[in-house]
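Enquirer: Structure for this input, please:
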Amino acid sequence: MTYSEKIILSGDYVIYRDEYGLWKLLSNGVTFSLVDLSDFRRVISLLEMPIESVKLALGLDFPYMSVVEVGLRHDSDYWIKLAISWVAHSSVQEANFLVETLKELSTDKAVSQSNRHLAIKELKRLLNS
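Expert: The predicted structure follows:
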């Protein structure tokens, strides 16, 4: 198997692009396609790495904002905070489609106050650009 672009999440997880240009996750000998938003739950741990490092490893064509969206929609404040961090380190063009999700987060009382404030901060950045 040849990996044109890959990142190793741990010893058991590899994200790569196959010969057809499709993103895949190889985990313990099982391959999963990364196509639908729900597929990106499998790679949410990417959020624990700086987005710049992930972009260096996977290139600019990886659907980073799908990982961010999964994190923003997660019920854990931990993943929400990491996803907002990726938004903060993304261009307005990359993250602009997340405005509605950030609006929802900014008013959701189930989300921590600090994450609501971070969502508001990113909303202002995206809307005022």
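Enquirer: where do the helices sit along this structure?
Expert: 51-58, 64-72, 77-88, 92-95, 99-107, 113-127 (DSSP state H).
Enquirer: Find the one among those with the highest mean neighbour count.
Expert: Each of these was scored by mean neighbour count; the highest is helix 64-72, a mean of 22, by mean count of other CB atoms under 10 Å. (Glycine included, C-beta is placed from N, CA and C.)
Enquirer: Hey, what's the angle from that helix to helix 51-58? Just curious.
Expert: 130 degrees (axes from the mean of the first three to the mean of the last three CA atoms, to 10 degrees).
Enquirer: C-alpha coordinates for helix 64-72, CSV please?
Expert: Below are the C-alpha coordinates for helix 64-72, written out as CSV (Å, rounded to 0.1, in the frame of the first residue of the first chain):
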residue,chain,number,x,y,z
TYR,A,64,-10.3,19.6,8.0
MET,A,65,-13.6,21.5,8.5
SER,A,66,-15.4,18.2,8.7
VAL,A,67,-13.4,17.2,11.7
VAL,A,68,-14.0,20.7,13.2
GLU,A,69,-17.8,20.3,12.6
VAL,A,70,-17.8,17.0,14.4
GLY,A,71,-16.0,18.6,17.3
LEU,A,72,-18.3,21.6,17.4
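Enquirer: what packs against that helix?
Expert: If contacts are counted by 3 or more CB pairs under 8 Å, 6 or more residues apart in numbering; DSSP states H and E, helix 64-72 sits against helix 51-58, helix 77-88, helix 92-95, helix 99-107.
Enquirer: now this protein, which segments are flagged as low pLDDT?
Expert: Filtered on pLDDT under 70, the chain yields the residue ranges 1-11.
Enquirer: rerun at 80
Expert: Confidence mapping of the chain against pLDDT under 80 gives the ranges 1-12.
Enquirer: could the helices and strands packed on helix 64-72 go into a markdown table alongside distance to residue 32?
Expert: Formatted as a markdown table, the helices and strands packed on helix 64-72 follow (distance: least, CB to CB, whole Å):
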| stretch | distance to residue 32 |
| --- | --- |
| helix 51-58 | 16 |
| helix 77-88 | 19 |
| helix 92-95 | 24 |
| helix 99-107 | 24 |
